[in-house]
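>>> can't give you the sequence, but here's the structure:
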């Protein structure tokens, strides 16, 4: 109050100042609001322009041959079948391993806090490392996967001579003058490679035993096509091959689809853990207290209350993790290194390639036809990503339990 009985705010100049300040703040608030809208709209427009360009360029290239055939030098015959199979296998391995491990780690860190001072320090150290690992470049994980899964630190020797094999059968392979493949079963992989001997028998590609025509040199090949079809030159060495069963497994893993899936698991695991932790923290504490009031154990509360309530957030994190895994190229390039693969993986130890690598290879070629194939590959990659995300969304919708 002043001597005249009026407050400072009742002064006309102060009132005008406050009104001007209010209008300025309102103007800034509206300006920032419209700036955010414009930025979001511009981002959406750019996204639709890019997607439209890719769809316009790639949809015309989609065909059954493109989806099933392997890459070739002729763009009219080139396909993306092995890359599709490799991508699906790698992502399935990644998802099936990273989600249980990540959710279990998040539950342990959030719901079972240590009580001792040393335990709390270890808990903080683990949490700090998980947070830091989320920002590590994926190429570092590729080097880690190469050392850990492909060669296993060299503990078991060379990857070309595995220390342990299950489900594989070795053969000595010969190519006849008639371009036929003949095989000799090998009982012990350590035995010397077989050579062509007089009177030998071998298996054809159908697994049937056939008589082999053995000649001294190429000039002595029989003129009868039926005999020349299975003719071999005396003393020629075979090539040692392995025919793996669907359950074939070896140690070290080598440059296999299993090594690729495990490496991508390392890439996305911090994302799964952090998102699962946030989802678990969002569950109201009153639900846990109610469970304790009913004499439930900590694990019963986690299993019947916390996890069902946190599933929507956990599955959202899984969608983000799989979206990153399916588009990773750097760690797979270090692990696989191969682009020209003619078949999809038939077992966990098979070589593989993925869609990002194939798209990168086609996009780097000078021919315009390969650029169209790269656009079609992007369309296929988006479809697979949408399928994985749709599965995660459906799981989230059908497994969540509304709690009040």
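On my side now, so go ahead. Just so it is clear, the structure is predicted and the values come from calculations on it, not from any experiment.
>>> Distance of the residue lying closest to residue 156 once chain neighbours are set aside relative to residue 191?
Nearest residue to residue 156, sequence neighbours excluded (C-beta to C-beta, 6 or more residues apart in numbering): residue 163, at 3.7 Å. All C-beta spots, glycine's among them, are computed from the backbone N, C-alpha and C. Distance check for residue 163 against residue 191: by C-beta to C-beta, to the nearest Å, it reads 18 Å.
>>> same question, residue 20
Residue 20 is 96 Å from residue 191, by C-beta to C-beta.
>>> ok, now which ones touch residue 138?
267, 328, 330-331 (C-beta atoms under 8 Å, 6 or more residues apart in numbering).
>>> okay if I get these as a markdown table plus secondary structure and pLDDT?
Output for these, formatted as a markdown table (DSSP: H, G, I helix; E, B strand; the rest coil; pLDDT from 0 to 100):
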| residue | secondary structure | pLDDT |
| --- | --- | --- |
| 267 | helix | 92 |
| 328 | coil | 85 |
| 330 | helix | 84 |
| 331 | helix | 88 |
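>>> tell me the strands in this protein, going along the chain?
164-175, 181-186, 201-203, 209-211, 213-215, 231-233, 239-251 (DSSP state E).
>>> Make TSV from those strands and add distance to residue 125 and mean pLDDT to it.
Output for these, formatted as TSV (distance: least, C-beta to C-beta, whole Å; pLDDT from 0 to 100):
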stretch	distance to residue 125	mean pLDDT
strand 164-175	35	88
strand 181-186	51	88
strand 201-203	59	86
strand 209-211	64	84
strand 213-215	69	83
strand 231-233	65	84
strand 239-251	31	88
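>>> Count the neighbours of residue 326 for me.
24 (other C-beta atoms under 10 Å).
>>> what's the answer for residue 187, then?
Residue 187: 8 neighbours (other C-beta under 10 Å).
>>> now it: how far from residue 236?
According to C-beta to C-beta, residue 187 stands 21 Å off from residue 236.
>>> Verify the stated contact: the residue nearest to residue 156 with residue 189.
No: assessed by C-beta atoms under 8 Å, residue 163 is found out of contact with residue 189, at 11.9 Å.
>>> what's the distance between residue 273 and residue 262?
Residue 273 is 16 Å from residue 262, by C-beta to C-beta.
>>> out of those two, which sits in the busier spot?
Per other C-beta under 10 Å, whichever of residue 273 and residue 262 has more neighbours is residue 273, with 27 against 21.
>>> for stretch 248-261, which positions count as buried?
Within stretch 248-261, the residues that count as buried by 16 or more other C-beta atoms under 10 Å are 248-250, 252-261.
>>> And for stretch 344-357?
So, applying 16+ other C-beta under 10 Å, buried residues of stretch 344-357: 344-345, 347-357.
>>> ok, now stretch 156-171?
159, 162, 165, 168-171.
>>> Contacts for it next, please.
With C-beta under 8 Å, 6+ apart as the criterion, stretch 156-171 contacts 150-151, 183-186, 189, 203, 240-252, 254-255, 347.
>>> For the residue most central in space within the chain, list the residues it contacts.
Central residue of the chain (C-alpha atoms, centre = their mean): residue 91, 3.8 Å from the mean position. By C-beta under 8 Å, 6+ apart, the contact list for residue 91 reads 261, 264, 322, 325-326, 384, 388.
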